[in-house]
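Asker: got a structure for you, letters missing:
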Ligand SMILES: Cc1cc2nc3c(=O)[nH]c(=O)nc-3n(C[C@H](O)[C@H](O)[C@H](O)COP(=O)(O)OP(=O)(O)OC[C@H]3O[C@@H](n4cnc5c(N)ncnc54)[C@H](O)[C@@H]3O)c2cc1C
């Protein structure tokens, strides 16, 4: 039986990751067009209610591998490979993120499958899925088809929107998975979220991105204070991360995270292509830069030319005053 299987990642409280929910919604939409089924795989401690709840996003069945630990790639590859082989799924879809990339890559090797990564769109053509992915630093897009099954599709972070498709409950199917010997070599010591200004930057609706224009590490407090006033989080460029001014967990771009907040406020950031690819899908981009020719202004909705050291503290005060009043 054909179908699309999605791996749904959850935290220790059983909350599913928004990229996983987006991948289930996307799989359900595509499965509808293919006339087949979207299903999900969950591992670890997930309640009946939590697993069945994925039906709201379009999963018809949820395979639950309770003895497989969440967060480690190889045991999850074992679980995905078993369900795909036994149930005959034609595609595996991942919402993105580091774990999705690692599991997807492992699954590809295990099943000798075809894989497409950083996918931003998937469509149905002649009864098969075609994955669309940007290439050459996002200057072109290519269509990727699959000559065999299963096809592995790994989305770019935030590529697929999570949308509820009614309140149907999914059928929960418990599966026993025998772990490969190498899958037991690593053990989960602790799981945690990387946070900036106490908000996960991939989920934040407002991000203040700080770049080398801040001048020195201590000046990141300008970005932090602005983020706090706006109720958002702080992100960073690779230049400042490499300089040790801010942690890597906040880095946006080609070698960092991909984000799509409602507002991305770039402070002292030039707008290099490697940074742009990580934030260009933001709904609104506002840039403050003293150089009127900075590339960031080419893709900003609003540009402010001036010294950030003068503008940012005033902006923070104005926002605080507005919120207070
Ligand atoms: C393979 C590869 C991968 C990379 N991956 C990433 C990545 O993932 N993410 C990433 O961000 N970069 C990445 N880079 C680096 C990227 O090319 C840029 O070097 C980097 O993004 C520049 O960071 P920046 O904008 O902070 O610094 P700069 O380019 O130095 O820009 C600083 C800006 O601040 C402005 N400025 C200075 N002073 C002030 C002031 N007082 N007020 C207002 N504005 C001011 C300047 O006009 C300038 O535009 C990568 C590079 C390579 C080669």
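Answerer: Great, that's in hand. Here the structure is a predicted model, which is why all the values come from computation and not from measurement.

Asker: what does the stretch 151-300 of the chain have sitting close to the ligand?
Answerer: 211-213, 237-240, 251-256, 268-270, 272, 274-275, 278, 288-291, 294 (CB under 6 Å from any ligand atom). No exception for glycine: its C-beta is placed from N, CA and C like everyone else's.

Asker: Just the buried ones from the residues you listed?
Answerer: 211-213, 237-240, 251-254, 256, 268-270, 272, 274-275, 278, 288-289, 294 (16 or more other CB atoms under 10 Å).

Asker: re earlier: filter the residues of the stretch 151-300 of the chain next to the ligand down to just the ones in strands.
Answerer: Among these, the members found in strands (DSSP state E) are 288, 289.

Asker: Out of the residues of the stretch 151-300 of the chain next to the ligand, which sit inside helices?
Answerer: Among these, the residues falling in helices (DSSP state H) are 238, 239, 240, 274, 275, 278.

Asker: Look at the second one and report its pLDDT.
Answerer: Residue 239 carries a pLDDT score of 96 in this model.

Asker: Can you name the residues that contact it?
Answerer: 211, 212 (CB atoms under 8 Å, 6 or more residues apart in numbering).

Asker: Where does pLDDT dip in the stretch 1-150 of the chain?
Answerer: Counting by pLDDT under 70, the stretch 1-150 of the chain has low-confidence residues at 1, 137.

Asker: Show me where it has its helices.
Answerer: Assigned by DSSP state H, counting those that start in this stretch, the stretch 1-150 of the chain shows helices spanning 18-34, 48-52, 73-87, 98-111.

Asker: which of these is buried the deepest?
Answerer: helix 18-34 (a mean of 23; mean count of other CB atoms under 10 Å).

Asker: and residue 216, how far is that from the ligand?
Answerer: Distance, residue 216 to the ligand, by CB to the nearest ligand atom, to the nearest Å: 11 Å.

Asker: Just give the closest residue to that residue, not the sequence neighbours.
Answerer: Leaving out its chain neighbours, the residue that sits closest to residue 216 by CB to CB, 6 or more residues apart in numbering is residue 245, at 7.1 Å.

Asker: now swap in residue 222 and tell me
Answerer: Closest to residue 222 by CB to CB, 6+ apart is residue 312, at 4.6 Å.

Asker: cool, and residue 69?
Answerer: In space, residue 69 is closest to residue 188, 5.2 Å off (CB to CB, 6+ apart).

Asker: tell me the contacts of the one you found?
Answerer: 69, 70, 71, 72.

Asker: Can you give me the end-to-end span of stretch 246-265?
Answerer: 17 Å (CA to CA, to the nearest Å).

Asker: Buried ones in that stretch, by neighbour count?
Answerer: So, applying 16+ other CB under 10 Å, buried residues of stretch 246-265: 246, 249-254, 256-261, 263-265.

Asker: What is the most widely separated pair among those?
Answerer: Spanning the widest gap among the buried residues of stretch 246-265 are 254 and 263, at 21.7 Å by CB to CB.

Asker: any idea how far the residue nearest to residue 216 is from residue 115?
Answerer: 36 Å (CB to CB, to the nearest Å).

Asker: Quick one: residues contacting residue 143.
Answerer: Counting by CB under 8 Å, 6+ apart, the residues that residue 143 touches are 130, 131, 132.

Asker: The second one: neighbour count?
Answerer: Read it as residue 131. By the criterion of other CB atoms under 10 Å, residue 131 has 26 neighbours.

Asker: Test my guess that it contacts residue 114.
Answerer: No. In this structure, residue 131 is not within contact of residue 114 by CB atoms under 8 Å, at 9.6 Å.

Asker: Return every residue with contacts to both of those two.
Answerer: Common neighbours of residue 131 and residue 114 (CB under 8 Å, 6+ apart) are residue 151.

Asker: Setting aside sequence neighbours, what's the nearest residue to residue 219?
Answerer: Of all residues not flanking residue 219 in the chain, residue 309 sits nearest, at 7.5 Å (CB to CB, 6+ apart).

Asker: in the helix or strand that contains that neighbour, what counts as buried?
Answerer: Here residue 309 sits within helix 308-324, counting by DSSP states H and E. For helix 308-324, burial by neighbour count (16+ other CB under 10 Å) applies to 308, 311, 312, 315, 316, 319.

Asker: got the contact list for that helix?
Answerer: Helix 308-324 is contacted from outside by 213-215, 219, 222-223, 225-226, 229-230, 267-268, 288-290, 304, using CB under 8 Å, 6+ apart.

Asker: close to the ligand, is it?
Answerer: Yes. Applying CB under 6 Å from any ligand atom, one finds helix 308-324 in contact with the ligand at 308, 309.

Asker: Could I get the full set of helices for the stretch 151-300 of the chain?
Answerer: 220-230, 238-242, 273-279.

Asker: so can I have JSON lines of those showing distance to residue 173?
Answerer: Output for the helices of the stretch 151-300 of the chain, formatted as JSON lines (distance: least, CB to CB, whole Å):
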{"stretch": "helix 220-230", "distance to residue 173": "43"}
{"stretch": "helix 238-242", "distance to residue 173": "43"}
{"stretch": "helix 273-279", "distance to residue 173": "37"}
